[in-house]
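*Asks:* Quick one, what's the 3D model for this:
(one chain, ligands or ions: 2)
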Amino acid sequence: MHIFAIANQKGGVGKTTTSVNLAAALQMAGKRTLLIDLDPQGNATMGAGIDKRALPRSVYHVLLGLAALAEARATSPSGGFDVLPANRDLAGAEVELVNLDQRELRLKQALANHSADYDFVLIDCPPSLSMLTLNGLCAAHGVIIPMQCEYYALEGLSDLVNTIKQVHKNLNRDLRIIGLLRVMFDPRSLLANQVSQQLEQHFGDKVFKTLVPRNVRLAEAPSHGVPGVLFDKAAKGAQAYMTFASEMIERVATWENEQ
Ligand code: ADP
Ligand code: MG
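*Replies:* Ligands and ions are numbered 1, 2, ... in the order given. Below is the predicted model:
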């Protein structure tokens, strides 16, 4: 079971879109996949076609030890992958976790008995470096960082990279940056191309080969509760996420051979 956190402390950079579409594409490729929504906004939950307002149990209950993962998970009707859903309840978890033992390891512990259930677990992190994100980073083997190729993109990245280094050093020796995924890419923009080149120079093969273009079909899909890769399979954005899933599967196979 490979566990990846999709993280970037900036909002609106494509974390949820990447999480939902990668989960759906991996499931389509025959990989048993669990998507964990760690954002109180519940966008990944809704994007997977699960109504966040009608959850008997959610990731909130799992983090606080009020329910087991098996009691809280659901299956995406459109995507076929499992979802540990979230809604506004999760906003309170931050405060409630403070008094608990090993509060940053709650998600890791919840996943411990499920290593035979899934090939991939994807964790959609909230737009902050909070206790929730910390739970995601402590549970994961690697981080996928979606980013837009904008002027301030690199600046924000150093905070995230430092946090990941700290977590690696103090809490989770397994954690590494799997890669940076360029999303909402506009190939006609000079700036986007320049930033993209800078990323490649700085991060080398940590930058995924796949480029996800800006594509309105990806933005429309969530309102239908269907992942973009299924909503309009022929759209450029859908095809990019399918290619990205293949790239991920390849990378994972390479590590497995190395070990
Ligand atoms: P985050 O989870 O980082 O806040 P989202 O995945 O929710 O970011 O994306 C922010 C907004 O951008 C959403 O409205 C989403 O539909 C849209 N979006 C994301 N990726 C793309 C894309 N490749 N093309 C067009 N719109 C996109
Ligand atoms: Mg999001």
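
*Asks:* Show me what from the protein comes close to ligand 2.
*Replies:* Contacts of the chain with ligand 2, taken as Cβ under 5 Å from the ion, map to 15, 16, 43. For the C-beta atoms, the positions are set from N, CA and C on the backbone; glycine is no exception.

*Asks:* Which of these has the largest number of neighbours?
*Replies:* Neighbour counts for the residues of the chain next to ligand 2 were taken using other Cβ atoms under 10 Å; the highest belongs to residue 15, with 30 neighbours.

*Asks:* quick one: contacts for it?
*Replies:* 6, 7, 8, 124, 125, 127, 146 (Cβ atoms under 8 Å, 6 or more residues apart in numbering).

*Asks:* out of the residues you listed, which are inside helices?
*Replies:* Judged by DSSP state H, helices contain none of the contacts of residue 15.

*Asks:* Can I get the residues you listed in CSV including pLDDT and neighbour count?
*Replies:* Below are the contacts of residue 15 laid out as CSV (pLDDT from 0 to 100; neighbours: other Cβ atoms under 10 Å):
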residue, pLDDT, neighbour count
6, 98, 29
7, 97, 27
8, 95, 27
124, 98, 31
125, 98, 27
127, 94, 17
146, 97, 24
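
*Asks:* Now cross-check these against ligand 1 and list the overlap.
*Replies:* Counting by Cβ under 6 Å from any ligand atom, residue 127 from the contacts of residue 15 sit close to ligand 1.

*Asks:* Next step: the contacts of residue 15 restricted to strands.
*Replies:* Those of the contacts of residue 15 mapping onto strands are 6, 124, 146, per DSSP state E.

*Asks:* from the residues you listed, which is closest to residue 234?
*Replies:* residue 146 (22.6 Å; Cβ to Cβ).

*Asks:* And the residue in the chain sticking out farthest from the centre, how far from ligand 2?
*Replies:* Within the chain, residue 190 marks the point farthest from the mean C-alpha position, 28.2 Å out by Cα atoms, centre = their mean. Remark: distance between residue 190 and ligand 2 (Cβ to the ion, to the nearest Å) = 28 Å.

*Asks:* Find the closest residue to ligand 2 in the stretch 1-150 of the chain.
*Replies:* residue 16 (3.3 Å; Cβ to the ion).

*Asks:* Which strand or helix spans that residue?
*Replies:* In this structure, residue 16 is located in helix 15-28 according to DSSP states H and E.

*Asks:* Now for residue 234, how many residues are close by?
*Replies:* Neighbours of residue 234 (other Cβ under 10 Å): 7.

*Asks:* Start at 53, not 1
*Replies:* In the new count, where the first residue is 53, that last one comes out as residue 286.

*Asks:* isn't there a strand covering it?
*Replies:* No - Residue 286: not assigned to a strand; according to DSSP: H, G, I helix; E, B strand; the rest coil it is coil.

*Asks:* Just the buried positions in stretch 282-289, please.
*Replies:* Residues 282, 283, 284, 287, 289 are the ones in stretch 282-289 that count as buried (16 or more other Cβ atoms under 10 Å).

*Asks:* tell me which of these is nearest to residue 214?
*Replies:* When the buried residues of stretch 282-289 are compared for distance to residue 214 (Cβ to Cβ), residue 289 wins out at 31.0 Å.
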